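Visitor: Below is the structure, and that's it, no one-letter string:
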């Protein structure tokens, strides 16, 4: 890139964001525009915790103390058949939930570009940006699917490693205390580092793809280069997001 390097800041954009919000929502005030942009924000996933990502901790406020396990009465029914029915029902439930999750990820991936377009162009539109950025949205969706699969594989590897050490200790009385003290911290640190980097990439990837009309790989490469060149603003951004989440 030619020209002087641009300085990345974390605090200055807040004043600019407040001014842009005032300009978009109140100059002039238009309730229809509010509703359309709000719907675009909903499509982009910004209404749920974690900025549209799948966050299992968002269920932490559920009160399960009053829940009771369902009771089943099988009259003149073989318990083997009952187990088969439950297994089929569980499989159907898992498949349906998986389809819903994939559908929601696709809507979020496409909706991110719709919401960004509403902010950049200061307009209340859904159909036009949905069609215009169809290719970028679908690419981002594929990236999210791959990322989800990689995350599941890493969780399985870390969990399997720790479980294997526990099995060795339980069945063969092999002392794995030193190994656990080494493996567990390394696994936790690796997972936290992976989660932080992935969240940064997925957070900033849609704006980069929107601006450059590039692929997710090119956007991820550009974001990683910025993180390596200017780590301080991204660290402040992470701390700020943690403070908001708390």
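Guide: Yep, that arrived. Small disclaimer: the values here were computed from a predicted structure and weren't measured.
Visitor: so where's the protein shaky on pLDDT?
Guide: 1-11, 46-81, 169-180 (pLDDT under 70).
Visitor: all helices of it, in order?
Guide: Counting by DSSP state H, the chain has helices at residues 12-26, 31-44, 79-120, 127-132, 134-172, 177-212, 216-229, 231-245.
Visitor: Including mean neighbour count, could the ones you listed go into TSV?
Guide: (Glycine included, C-beta is placed from N, CA and C.) Below are these laid out as TSV (neighbours: other CB atoms under 10 Å):
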stretch	mean neighbour count
helix 12-26	11
helix 31-44	16
helix 79-120	15
helix 127-132	14
helix 134-172	14
helix 177-212	15
helix 216-229	16
helix 231-245	13
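Visitor: Domain boundaries for the chain, per the record?
Guide: Domain ranges of the chain: 12-54+79-132, 140-246, per automatic domain parsing.
Visitor: Ramachandran angles for residue 126?
Guide: The phi/psi pair for residue 126 (degrees, to the nearest 10) reads phi -120, psi -50.
Visitor: what residues are up against it?
Guide: By CB atoms under 8 Å, 6 or more residues apart in numbering, the contact list for residue 126 reads 36, 39, 40, 43, 114.
Visitor: Tell me the one of these nearest residue 18?
Guide: The closest of these to residue 18 turns out to be residue 40 (CB to CB; 19.5 Å).
Visitor: nearest spatial neighbour of the closest one, skipping sequence neighbours?
Guide: In space, residue 40 comes closest to residue 115 once its chain neighbours are excluded; the distance is 4.3 Å by CB to CB, 6 or more residues apart in numbering.
Visitor: Would you mind measuring from the one you found to residue 225?
Guide: Distance, residue 115 to residue 225, using CB to CB, to the nearest Å: 25 Å.
Visitor: One more: residue 161?
Guide: Residue 161 is 32 Å from residue 225, by CB to CB.
Visitor: picking that back up, surely the residue nearest to residue 40 and residue 38 touch.
Guide: No - contact between residue 115 and residue 38 fails when scored by CB atoms under 8 Å: they sit 9.7 Å apart.
Visitor: which neighbours do those two share?
Guide: By CB under 8 Å, 6+ apart, no residue touches both residue 115 and residue 38.
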